[in-house]
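> no sequence on hand, only this structure:
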C-alpha cells in the first residue's frame, strides 16, 4: 500500500462524496425522465437543470448554458472572446489551467497581485490608466485557487466600476462559493451588476468532480454564441450526468452534501493551520474561510523547488507556487486540504517540516 | 398532442433504449467503483472502459481515448490534424456536422462521390493523381450517414492502398457498425492496416445518445497529442457516464440492447421500403443492410426544397439531400427510420406521397 499523502489535488476525498445520494439520483433520473436522460439533448444542457441554475441566480434560462465541467465552459468562452494578441487580466497567483488556456490562445496575460482581500484593484486601475485594454479579467472571487483568499465587497464594487468604465468583461469564476465555513457570504458580482459579468461555476465541489457538470451565466447574446460553438463541438453535453445532478439538487441531497463538505473542510483547514503553526513556524499563511486551498509563504530566499523534491522523497506531494504565476513565487506553495483527513494532514505537515529541515 | 412525424433525427426511439439496463448499470457503477465513478479522471477516459474498447479492437489501451461523444473526438482530432487551407476528402453526400466542422477549420474540402458500395476510390485516385494532397479522408464505412450505403471490402482495400501511397490519414468514422441487420459484416480498415487509420465510434447507437460517450482509436503518438488537447479543454470527460457505460457493456446488457435495436431497425427499414414502393413509386432507393438511414432519389428535376415545405405543412420532417453536400442533390432526401415505429413510418410515407402529389 502506498504511503503517499497528497496536498496537491484540489479534489474531495471519497468520504465526503454522497455516493448513496448519487445512486438515488441516478435511479430517479431514469425513472422520472427516461427520455430526457437517454436522448440527445441540445448544447444548452439538460433543460430542467438549466432552469434550476437560472432560478438560483435570479436570471432567465436564456442566460445559462450547462457544460461538461466548467473548464469546457471556459474553453468555449475564451474561443469566442479572446483573440491572438488580446490583453487579458488574471490574478497573481491564479489557477494554472486558466493561465495555460489563455496563453495557448495567444492572449497577452497581465497578472495583477492578489491580496488577502482579493485582486488589487488599485494596481489594476493603474494598469488600465497606462493603456492596457483588456478583453476580460479572470477573477476567482471566493477562496481563490491557489491562494484561498476572498475578494472583499469593496473590491468587488471597485472591479465592477473599472469594468464599466473601461469596457471589459469580468469573468467571475466561482466554483467554491458554497464552501464557506466561517465568516459571511458576499454577493456575486453577477448579482451586483450583470452587465459586464460572465459567471462560471460547477457541481464538482458540491456533488462530485466525476459528473463533470459546470455552467456559464452571462448576457443572452454571448450565451447564444457560446451555445452555437458547443453545438458544433459536441452536439449536447452528457444528458445522463446532468439529469443525475438535477435529481441530486431537487431531492435535497445537494444541501446535505454541501453541509458535509463544509464541516469536513472546516476541520481540515483548522488541522492544517494548527499543524503548520506547531511544526513549521517559519510558514506564513492566512486561515481560509472556505474552499480547498491554503497558500503558504516561506521566508524570503527559501527554495520551494528544493523543498518539493525533498517532500517527494518523503511521499508528500504539493504544488509549487511558481506553477500559478508567470514569474516569481519561488518561496511559496499551495496546500490543498480537501482530499486528506486531519490525520493525513498532521502526518503530511510533519513530513513537510522534516523536508524543510533537511534543506538547512 | 402533436401529430408530428420526424424522419429527420438520427436517433433511437425511447422504446428501443434499455432504460432498466441503464438503471442497473448506474447502480453497479456506484457500488463497484464509487471512487472511479465520482472522482476526476484523466482525459484518456474511464480506465476500465478504455481497456474494454482496446480489447474489442485488438489494440493496446495507449491507442484509445474515450471522449464526451464522438463528435468531441472529431473536434479534437481536427484541431490537431487539420490546418487552415489543408486539403481534406469527404464523401458526397456526407454527415452535415462533419462537413461544417471541417469547413469552419478552413479546410479545402474535396467531396468524392459515394456509390452503393461506398466512396468511389477510382475518382479519389484521379483526384490524387491531379495533385490534391489531403491530410485526411473522412469515411463513414458502414450504413453511411446520410446514404445508408456500405463501403465494400474491395474499396476498403483500395482506400488503404491510396492512403499508404499518398500519405494521408483515413478517418474511419464508424458508429453504425454494430447495427447490421442483414448481409455480412466487413472488417474495419483499422483492423486491416492500422498504420494510416484513425477510427472513431460511439455508444450513442448501442447504449443511448444521452450518455455522450464516444472514442478514438489511432496511433499512440496521435492519441497522446489528442489527449493533451482534451486535458486542456475539459480535464476529464464525464466519469459517471463512462462508468455507467462500462457496467452496461460488461453486464451483457450491451449485447441484448444491440439485438433489440437491430430487430427494430430491420422491421422499420422494411416498413419504409414497402411503403415507399407502394405510395411513392417515383422514389428510388437501395434497401439498407443496417443503420438508421435511407437515401431517396426523386426524378431528375424534382424540387425537394418545395417537397420539404409541403411535408412540413403535413407535420412531417425530413432532411434535404442538399444539407449533406457542398452542391447538387436538389432531388434527394434522407429518411431516418431509427426514431419512428412502423405505423409512424407508414403514416409518414403517406404524408410524403401526398406532399409530392401536391407539387404536380
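Yep, that arrived. Please read all numbers here as calculations on a predicted model, not as lab measurements.
> quick one: residues contacting residue A:45.
A:64-67, A:215, A:236-237, A:242 (CB atoms under 8 Å, 6 or more residues apart in numbering or on different chains). All C-beta spots, glycine's among them, are computed from the backbone N, C-alpha and C.
> so residue A:121 versus chain B, what's the distance?
30 Å (CB to the nearest CB, to the nearest Å).
> could you pull up phi and psi at the nearest residue to that residue once chain neighbours are set aside?
Spatial nearest neighbour of residue A:121, chain neighbours left out: residue A:158 (4.0 Å); criterion: CB to CB, 6 or more residues apart in numbering or on different chains. Residue A:158 adopts backbone torsions of phi -60, psi -40, taken as degrees, to the nearest 10.
> how near is residue A:158 to residue A:148?
Distance, residue A:158 to residue A:148, using CB to CB, to the nearest Å: 21 Å.
> thought residue A:276 was touching residue A:282?
No: between residue A:276 and residue A:282 there is no contact, the gap being 9.5 Å when judged by CB atoms under 8 Å.
> which parts of stretch A:284-296 are buried?
Within stretch A:284-296, the residues scored as buried using 16 or more other CB atoms under 10 Å in any protein chain shown are A:285, A:288-296.
> when residue A:158 and residue A:148 are compared, which one has more neighbours?
residue A:148 (27 against 19; other CB atoms under 10 Å in any protein chain shown).
> test my guess that that one contacts residue A:286.
Yes: using CB under 8 Å, residue A:148 and residue A:286 qualify as a contacting pair, with a distance of 7.1 Å.
> which stretches of the stretch 1-150 of chain A form strands?
In the stretch 1-150 of chain A, the strands defined using DSSP state E, counting those that start in this stretch lie at A:5-6, A:64-67, A:87-92, A:108-115, A:118-119, A:134-139.
> and of the ones you listed, who's closest to residue B:136?
strand A:64-67 (27.7 Å; CB to CB).
> so residue A:276 and residue A:282 - more neighbours on which side?
residue A:276 (21 against 13).
> buried residues, the longest helix seen in chain A. List them.
For chain A, the longest helix by residue count, based on DSSP state H, is helix A:253-279. For helix A:253-279, burial by neighbour count (16+ other CB under 10 Å) applies to A:253-254, A:257-258, A:260-262, A:264-266, A:268-273, A:275-276, A:279.
> again, but for stretch A:294-311
For stretch A:294-311, by 16+ other CB under 10 Å, it's A:294-298, A:302, A:304, A:307-308, A:310-311.
> who in the stretch 151-300 of chain A is up against chain B?
Applying CB under 8 Å from any CB of the partner chain, one finds that the stretch 151-300 of chain A approaches chain B through A:204, A:208-212, A:232-241, A:243-244.
> which ones among the residues you listed are found in helices?
A:232-234, A:239-241, A:243-244.
> with neighbour count added, can I get these in TSV?
What follows is these, written out as TSV (neighbours: other CB atoms under 10 Å in any protein chain shown):
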residue	neighbour count
A:232	15
A:233	26
A:234	27
A:239	28
A:240	29
A:241	34
A:243	28
A:244	33
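> domain map for chain A?
Domain assignment for chain A by automatic domain parsing gives A:5-16+A:255-359, A:19-251.
> just tell me which of these ends up closest to residue B:117.
Once the domains of chain A are compared by CB to CB, domain A:19-251 is nearest, at 29.3 Å.
> start to end distance for that closest one?
Domain A:19-251 has an end-to-end distance of 14 Å (criterion: CA to CA, to the nearest Å).
> what's the offset of it from the middle of its chain?
9 Å (CA atoms, centre = their mean, to the nearest Å).
> ok so, going back, filter the contacts of residue A:45 to the buried ones?
Buried residues within these, defined by neighbour count using 16+ other CB under 10 Å: A:64-67, A:215, A:236-237, A:242.
> centroid residue for chain A?
residue A:175 (4.5 Å; CA atoms, centre = their mean).
> what about the residue lying closest to that one once chain neighbours are set aside, how many neighbours?
Sequence neighbours aside, residue A:202 is the residue nearest to residue A:175 in space, at 4.5 Å (criterion: CB to CB, 6+ apart). Neighbour count of residue A:202, defined by other CB under 10 Å: 22.
> likewise residue A:15?
Applying other CB under 10 Å, we find 9 residues neighbouring residue A:15.
> what residues are up against it?
For residue A:15, the contact set (CB under 8 Å, 6+ apart) comprises A:264, A:341.
> phi and psi next, for residue A:236.
When read as degrees, to the nearest 10, the backbone of residue A:236 gives phi -150, psi 150.
> what is the neighbour count of the residue nearest to it when sequence neighbours are not counted?
Nearest non-adjacent residue to residue A:236, counting by CB to CB, 6+ apart: residue A:41, 3.9 Å away. Residue A:41 has 22 neighbours, counted by other CB under 10 Å.
> show me what contacts the residue lying closest to residue A:314 once chain neighbours are set aside?
Nearest non-adjacent residue to residue A:314, counting by CB to CB, 6+ apart: residue A:351, 4.2 Å away. Residue A:351 sits next to A:5, A:311, A:314-316 when contact means CB under 8 Å, 6+ apart.
> and residue A:351, what helix or strand is that in?
Using DSSP states H and E, residue A:351 falls within helix A:342-359.
> now do that helix: distance to the chain's middle.
Put simply, helix A:342-359 sits 26 Å off its chain's centre (CA atoms, centre = their mean).
> what's the angle between it and helix A:253-279?
Helix A:342-359 and helix A:253-279 are oriented at 30 degrees to each other (axes from the mean of the first three to the mean of the last three CA atoms, to 10 degrees).
> buried sites along helix A:342-359?
For helix A:342-359, a neighbour-count test (16+ other CB under 10 Å) marks A:342, A:344-356 as buried.
> now pLDDT too, for these, in CSV please.
Shown next, in CSV, are the buried residues of helix A:342-359 (pLDDT from 0 to 100):
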residue, pLDDT
A:342, 97
A:344, 98
A:345, 98
A:346, 98
A:347, 98
A:348, 98
A:349, 98
A:350, 98
A:351, 98
A:352, 98
A:353, 98
A:354, 98
A:355, 98
A:356, 98
